[in-house]
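structure here, sequence nowhere to be found:
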């Protein structure tokens, strides 16, 4: 790996997150944000939605827009994920997450994919990412984190943390940048006190040993999606395909 990526991976291991700037052209990021917002108001995608305005998740984006592949299999993010999770780690789900004005923020904060562990591992079990398809600012609800909290090995943040705790940091950046974080990091979308919709694209990487059935909302990869992908992308995907979570999913 290039030194920049090694430094980013070291920052993630130390502080729980890292930021890679300008990995997509801003024009492409903004175009994706506009198209994703149209999907959120299109009833054809209702079955893939979770939550409701002003904060909503649209799952299955690997199937819905081929441009998402550029993010899921970006050589820099994939290299860091493989460095931390092993060469056989996989991009399991991609979902659109707009944050509309008026959203009060995700509180309490949370960790990712730790609820079913008997004991939380002391090694990374998931690396999450959020691609900034619009600028992320403190006013429009940038992701908030507690640096180094991934070392706690807790399934959820302690109740003592208040929303104005000085340990909390907003991770801001330009459209086209991407934040990566350890699944155990205390984090959540911040409140949107501005006038602009903040649009993010979440892509989750898991090691081969993780059973992704435990994750609610995750959608299987459609076979026709997989067959359109270049071979190098296919190698980083889940190994079972279907069209509906209820009937086909990795076991």
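Arrived safely, thanks for sending. Predicted model, so just to flag it, every value in this text is computed and none were measured.

make it CA atoms for all contacts and neighbour counts henceforth
Fine.

buried residues, stretch 34-46. List them.
With burial defined by 16 or more other C-alpha atoms under 10 Å, the residues of stretch 34-46 counted as buried are 36-37, 39-40.

in helices only, show me the residues you listed.
If you go by DSSP state H, the buried residues of stretch 34-46 have 36-37, 39-40 in helices.

nearest to residue 183, of the residues you listed?
residue 36 (24.7 Å; C-alpha to C-alpha).

the closest one is in contact with residue 68, isn't it?
No - counting by C-alpha atoms under 8 Å, residue 36 stays clear of residue 68, with 10.6 Å between them.

picking that back up, let's have the buried residues of stretch 34-46 in a markdown table, adding distance to residue 103.
As requested, the buried residues of stretch 34-46 are exported to a markdown table (distance: C-alpha to C-alpha, whole Å):
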| residue | distance to residue 103 |
| --- | --- |
| 36 | 18 |
| 37 | 16 |
| 39 | 19 |
| 40 | 16 |
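
now for these: which two are most distant?
The widest separation within the buried residues of stretch 34-46 (C-alpha to C-alpha) is 6.4 Å, between 36 and 40.

now do the shared contacts for those two.
Common contact partners of residue 36 and residue 40 (C-alpha atoms under 8 Å, 6 or more residues apart in numbering): none.

so what's residue 200 up against?
Residue 200 touches 33, 96-98, 130-134, counting by C-alpha under 8 Å, 6+ apart.

same question for residue 233.
Taking C-alpha under 8 Å, 6+ apart, we find residue 233 in contact with 69, 73.

gap between it and residue 68?
Shown here: residue 233 relative to residue 68, a distance of 12 Å by C-alpha to C-alpha, to the nearest Å.

I'd assumed residue 51 was in a strand, is it?
Yes - counting by DSSP: H, G, I helix; E, B strand; the rest coil, residue 51 falls inside a strand.

what's across from it in the sheet?
Note on residue 51: beta-bridge partners by DSSP bridges are residue 56.

so which strand or helix has the closest residue in space to residue 94 that isn't next to it in sequence?
Sequence neighbours aside, residue 203 is the residue nearest to residue 94 in space, at 4.3 Å (criterion: C-alpha to C-alpha, 6 or more residues apart in numbering). If you go by DSSP states H and E, residue 203 is part of strand 198-206.

identify each buried residue in that strand, please.
Buried residues in strand 198-206 (16+ other C-alpha under 10 Å): 198-206.
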